[in-house]
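> What would the 3D arrangement of this be:
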Amino acid sequence: MLENRTPYAFPTEPMHQDYSQYSEEHFEVWKRLYQKQITLLQDRASEAYSQGLEVCGFTPKEIPVLDSINQNLETATGWHIYVVPGLIADQPFFEFLHNKHFPVTTWLRRLDQLEYLEEPDMFHDVFGHVPLLSNPHFSEFMKGLAAIALKHIDSPQAIELMSRLYWFTVEFGLIREDGKIKIYGAGIVSSPGESLYALEDPNVPRIPYDVSTVLDTPFYKHDFQKQYFVIDSYQTLFDSLPELEVCIAARAHSSSL
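Sure thing, here's the model as predicted:
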């Protein structure tokens, strides 16, 4: 998630998407992943996520052109995609977010990796994360979350707590819309298995979003989550930032989590 990232300084000159790097296999990978997820997400994804797909202009036949997405995001919320080589360290990661830049990689998995990939690729980063950056409340929550993290960037305890909050919202969050629980977290919307599990497994706790409870809950990186947190709206996330700041400040230098 946010730990064990390789150093990559910000600000610097951005990398660029080399569209010529994509082979026929890459286009087939994107098409298969896209078509499978779109089918699964039809009645399961948040309305804002579905609207974000339209804003971004994604299609199954084309690997997205990031410059085009940036034009659309700029109009919607002022956010931009910023190409990075892979996982990056905590401080530059949060600096990107605070500057309304979302770091993404441009490499795609192979056909034999369709079901599981340990390190996030372009499908996770772009298909999973980018559509919701077109939503004003969600994108401002991301910026605000980063601002809090940067205040405590030298506290490992605080960054671990911020990682939990990020994990259970941005990566694996659920939302209640029109009385139904829907998916918005990127780690779910980009995963066929977890898209079904998160919503339909009868034994999985789906807990109302509460900052303090989230901060007390460890997450699992290499398995489906043991519980999920459900927000009532994206404004709920944005409005929780003051409470989050108080909680992080109070716990930042605690000796244990």
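> residues making contact with the longest helix that the chain contains?
Longest helix of the chain, by residue count under DSSP state H: helix 24-41. By Cβ atoms under 8 Å, 6 or more residues apart in numbering, the residues outside helix 24-41 that reach it are 49-50, 58-63, 108-111, 114, 123, 127, 183, 189-190, 192, 195-196. Backbone N, C-alpha and C define where each C-beta goes, glycine included.
> Alpha carbons only: can I get it in CSV?
C-alpha atoms of helix 24-41 as CSV (Å, rounded to 0.1, in the frame of the first residue of the first chain):
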residue,chain,number,x,y,z
GLU,A,24,-1.2,-6.9,-29.1
GLU,A,25,-1.1,-8.8,-25.8
HIS,A,26,-1.4,-5.6,-23.8
PHE,A,27,-4.4,-4.5,-25.8
GLU,A,28,-6.0,-8.0,-25.3
VAL,A,29,-5.2,-7.8,-21.5
TRP,A,30,-6.9,-4.4,-21.3
LYS,A,31,-9.9,-5.5,-23.3
ARG,A,32,-10.5,-8.7,-21.3
LEU,A,33,-10.0,-7.0,-17.9
TYR,A,34,-12.2,-4.1,-18.9
GLN,A,35,-15.1,-6.2,-20.3
LYS,A,36,-15.1,-8.5,-17.3
GLN,A,37,-15.2,-5.7,-14.8
ILE,A,38,-17.7,-3.6,-16.6
THR,A,39,-20.1,-6.6,-16.6
LEU,A,40,-19.5,-7.2,-12.9
LEU,A,41,-19.8,-3.5,-12.0
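> I'd like the average pLDDT over that helix.
Helix 24-41 comes out with an average pLDDT of 96.
> try stretch 210-221
93.
> mind checking the end-to-end distance for it?
21 Å (Cα to Cα, to the nearest Å).
> Flag every buried residue along it.
The neighbour-count check on stretch 210-221 (16 or more other Cβ atoms under 10 Å) flags 211, 214-215, 217, 219 as buried.
> Among the residues you listed, which one sits closest to Lys143?
Val211 (17.3 Å; Cβ to Cβ).
> quick one: the closest one and Leu241 touch, right?
No - using Cβ atoms under 8 Å as the test, Val211 is too far from Leu241 to be in contact (9.2 Å).
> contacting residues for Arg44?
182-183, 195, 199.
> Can you tell me which of the residues you listed lies closest to Pro136?
Nearest to Pro136 among those, counting by Cβ to Cβ, is Lys182 at 18.4 Å.
> How many residues are close by the closest one?
When neighbours are defined as other Cβ atoms under 10 Å, Lys182 has 23 of them.
> Show the average pLDDT along the helix or strand it falls within.
Assigned by DSSP states H and E, Lys182 belongs to strand 180-183. Computed over strand 180-183, the mean pLDDT rounds to 98.
> Begin at 55 from now on, thanks
Sure, I'll start numbering at 55, so the last one becomes strand 234-237.
> Can you spell out which helices and strands pack onto that strand?
Where contact means 3 or more Cβ pairs under 8 Å, 6 or more residues apart in numbering; DSSP states H and E, strand 234-237 is packed against strand 228-231, helix 246-254.
> Counting by contacts, list what the shortest one packs against.
Pointing back at strand 228-231 there. For strand 228-231, the elements it packs on are strand 234-237, strand 282-285, judged by 3+ Cβ pairs under 8 Å, 6+ apart.
> Pick the most buried one from these.
Counting by mean count of other Cβ atoms under 10 Å, strand 282-285 has the highest mean neighbour count of those, with a mean of 21.
> Okay, now the sheet partners of it, with direction.
Sheet pairing for strand 282-285, assigned by DSSP bridges, gives strand 228-231 (parallel), strand 260-262 (parallel).
> Now for the contacts of Arg98: which two are most distant?
Those two in the contacts of Arg98 that are separated most widely, counting by Cβ to Cβ, are Lys236 and Ser249, at 10.6 Å.
> OK, contacts around the closest residue to Trp161 other than its chain neighbours?
Nearest residue to Trp161, sequence neighbours excluded (Cβ to Cβ, 6 or more residues apart in numbering): Asp175, at 5.7 Å. Contacts for Asp175 (Cβ under 8 Å, 6+ apart) come out as 159, 161-163.
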